[in-house]
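Visitor: missing the sequence, but the structure's below:
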């Protein structure tokens, strides 16, 4: 997993760079939770001590990652995603900028990805049909000029990529 950070919340520092890691999990996020400053402390209080104490940075991304884990990503990734995203949406107001989330997580065996936003304009995500080495990839932009090889992942989709292939389901 690799990520180039364009910071929205949190200073630019090594502690705020993706991927974030906890146990066997790695996480990357493009997007923003615009009202994070208003709800940060409340969300942090929902983390168990082990996750709260593991937090190194100040980004909305790392906090959302830990919230996903706290809401049971180990046991049911799709349900944990829905619970964590709905928790963020519940504190969003009409005065806030849109929530935009494109996330990728991996436990080293399966890659999970999802795109969701409050304005149907989350950052892009693409899946490769097949790379020259026979593998597959997820990327925010196509990695080569073989445009027919790259399929955009739509909004409100939860994806998995593992040794058996690529699967996507609507949220």
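Guide: Okay, I see it. Only a predicted model underlies this, so the values are computations on that prediction, with no experimental measurement involved. Numbering: from 1, shown residues only.
Visitor: beta partners of the residue nearest the centre of the chain?
Guide: Nearest to the centroid of the C-alpha atoms of the chain, with distances taken as C-alpha atoms, centre = their mean, sits residue 103, at 1.9 Å. In this entry, residue 103 is beta-bridged to residue 29, residue 114, by DSSP bridges.
Visitor: just checking, it touches residue 29?
Guide: Yes: the pair residue 103 and residue 29 passes the contact test of C-beta atoms under 8 Å, sitting 4.9 Å apart. Yep, even glycine has a C-beta here, placed from its N, CA and C like the rest.
Visitor: follow-up on the earlier one: what about the residue nearest to the centre of the chain, distance to residue 67?
Guide: Per C-beta to C-beta, to the nearest Å, residue 103 is found 11 Å from residue 67.
Visitor: How far does stretch 94-105 stretch from one end to the other?
Guide: The straight-line separation of the ends of stretch 94-105 (C-alpha to C-alpha, to the nearest Å) is 29 Å.
Visitor: Report the buried residues of it.
Guide: 99-105 (16 or more other C-beta atoms under 10 Å).
Visitor: How about stretch 55-69?
Guide: Of the residues in stretch 55-69, those buried under the neighbour-count criterion (16+ other C-beta under 10 Å) are 55, 57-69.
Visitor: Please convert those residues to a markdown table, extending it with pLDDT, distance to residue 130 and secondary structure.
Guide: Shown next, in a markdown table, are the buried residues of stretch 55-69 (pLDDT from 0 to 100; distance: C-beta to C-beta, whole Å; DSSP: H, G, I helix; E, B strand; the rest coil):
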| residue | pLDDT | distance to residue 130 | secondary structure |
| --- | --- | --- | --- |
| 55 | 91 | 38 | coil |
| 57 | 83 | 35 | coil |
| 58 | 81 | 39 | coil |
| 59 | 87 | 33 | coil |
| 60 | 90 | 34 | helix |
| 61 | 90 | 30 | helix |
| 62 | 93 | 33 | helix |
| 63 | 95 | 35 | helix |
| 64 | 96 | 31 | helix |
| 65 | 96 | 29 | helix |
| 66 | 97 | 34 | helix |
| 67 | 97 | 34 | helix |
| 68 | 97 | 29 | helix |
| 69 | 98 | 31 | helix |
